[in-house]
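**Q** any chance you can model this:
(one chain, ligands or ions: 1)
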Amino acid sequence: FLPKKKKQRDSLINLKIQKENPKVVNEIDIEDLNSSNVCYCRCWRSKTFPVCDKSHLKHNELTGDNVGPLILKKKIL
Ligand code: FES
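**A** Got it, this is the predicted structure:
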């Protein structure tokens, strides 16, 4: 039986991104999105966080997880 705090520690999502901050928050201006597709990381393993670098593929392979990016699409008029 593990104490509750220990169990929660084992389930950390963020392993190394901005650990010096109490909370990781990213703000993106919609007007700055200039390509038609932008992918944002939701697995917290990207080396280019908050932008996806496809690290989720390795994470999923190693863990059996099924996470992937948030893809913002912009219609080109
Ligand atoms: Fe995290 Fe792609 S690298 S979702």
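**Q** worst-scoring helix or strand of the chain, pLDDT-wise?
**A** helix 4-10 (a mean of 62; mean pLDDT, DSSP states H and E).
**Q** quick check, the helix or strand following that one touching the ligand?
**A** Downstream of helix 4-10, the next assigned helix or strand under DSSP states H and E is strand 37-40. No: on the criterion Cβ under 6 Å from any ligand atom, strand 37-40 is out of touch with the ligand, staying 6.6 Å away. C-beta coordinates here come from the backbone N, C-alpha and C atoms, glycine included.
**Q** can you list contacts of strand 37-40?
**A** 26, 50-52, 69-74 (Cβ atoms under 8 Å, 6 or more residues apart in numbering).
**Q** what comes up buried for the helix or strand that it is followed by?
**A** Using DSSP H and E, the helix or strand that follows strand 37-40 in sequence is helix 55-63. Of the residues in helix 55-63, 55-56, 59 count as buried by neighbour count, 16 or more other Cβ atoms under 10 Å.
**Q** helix 55-63 near the ligand at all?
**A** Yes: for helix 55-63, a contact with the ligand is found by Cβ under 6 Å from any ligand atom, at 55-56.
**Q** elements contacting that helix?
**A** The helices and strands touching helix 55-63, judged by 3 or more Cβ pairs under 8 Å, 6 or more residues apart in numbering; DSSP states H and E, number zero.
**Q** who in the chain is up against the ligand?
**A** Listed as neighbours of the ligand in the chain under the rule Cβ under 6 Å from any ligand atom: 41-43, 45-46, 52-56, 68-69.
**Q** again, only using 8 Å
**A** Residues of the chain lying near the ligand by Cβ under 8 Å from any ligand atom: 39-46, 49, 52-57, 59, 67-70.
**Q** show me the shaky parts of this structure.
**A** 1-10 (pLDDT under 70).
**Q** tell me the contacts of the closest residue to K58 other than its chain neighbours?
**A** Nearest non-adjacent residue to K58, counting by Cβ to Cβ, 6 or more residues apart in numbering: R45, 7.5 Å away. Neighbouring residues of R45 by Cβ under 8 Å, 6+ apart: 15, 55-56, 58-59.
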